[in-house]
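In: Just the structure for this:
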Amino acid sequence: MTRKKILTKVAVYCGLTSPILVFTLIFYAISLAPWFSWTENALSDLGVDEKAGFPFNLALILGGVFLALFTVGFKDTLPNKVFSKISSSLMFLDSVALCAIGIFPENVKPWHFYASFTFFVLIPFFQFLAGGAFLSEGEKSTGWFTVVLGAITLAVWAFPWKAVAIPEAITALILTVWIIIMSVRMHERLD
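Out: As a prediction, this is how the structure comes out:
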């Protein structure tokens, strides 16, 4: 088996299993914090709670590690090498930012803010570039799907939310859907 095939298999595995682990830990953390409100809090508020902090921060760190592993295998599947390098570099930086959100909880200022801001800003940009890679090689449905998800991510943050937990969750869900679909696509092309 070639190195590329091994990396792709690891990426597929990470892309399909990480949402289960990460969201289970996040919802477990929410269950430990009866004070948490989707309309009054940021998800990161969970990271400083005595009970919810550990599972929440662990979810983000593991999510970042899985995203990094996904990125390593995914970059070789992008058709356009220029877009591929830039998009995968931004995606890898995004995985580092996700880990950093868990490593530097909300009370570690200003590092938590920098990590969180970076994570949410990079998502649509690497999606636009990945979408451009697919479009430049004639893979229109995958390309437009990726670009549209990036645009939706940007649009979510344009609304005047009372608190950021909802746009954070929507953005995470959009990223998760995209990663799962890319993982399935990669798995279909393995053989």
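
In: all helices for this protein, in order.
Out: Residue ranges of the helices in the chain, as given by DSSP state H, are 3-31, 53-74, 81-103, 111-136, 140-158, 165-188.

In: which intervals of the chain have sub-threshold pLDDT?
Out: 191 (pLDDT under 70).

In: and residue 37, what does it touch?
Out: When contacts are counted by CB atoms under 8 Å, 6 or more residues apart in numbering, residue 37 touches 163, 165. Using the backbone N, CA and C atoms, a C-beta is placed for each residue, glycine as well.

In: mind redoing it with 7 Å?
Out: With contact set as CB atoms under 7 Å, 6 or more residues apart in numbering, residue 37 has no partners.

In: going forward can the numbers begin at 10, since that is how I track them
Out: Let's use 10 as the start, then, which means that last one is residue 46.

In: returning to what we had before: between the helices of the chain, which gets nearest to residue 51?
Out: Evaluated over these, closeness to residue 51 peaks at helix 174-197, with 5.7 Å, by CB to CB.

In: In TSV: the helices of the chain, plus mean neighbour count.
Out: Written out in TSV, the entries for these read as follows (neighbours: other CB atoms under 10 Å):
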stretch	mean neighbour count
helix 12-40	17
helix 62-83	22
helix 90-112	20
helix 120-145	21
helix 149-167	16
helix 174-197	18
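
In: Turn those into TSV, including distance to residue 53.
Out: Below are the helices of the chain laid out as TSV (distance: least, CB to CB, whole Å):
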stretch	distance to residue 53
helix 12-40	11
helix 62-83	8
helix 90-112	7
helix 120-145	6
helix 149-167	15
helix 174-197	8
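
In: Can you say which of those helices is nearest to residue 49?
Out: The closest of the helices of the chain to residue 49 is helix 174-197. By CB to CB, the value is 8.0 Å.

In: Residues touching the closest one, excluding its own?
Out: Outside of helix 174-197, the residues that reach it under the criterion CB under 7 Å, 6+ apart are 17, 20-21, 24-25, 28, 47, 50-52, 79, 83, 86, 129, 132, 136, 151, 155, 158, 161-162, 165-166, 170.
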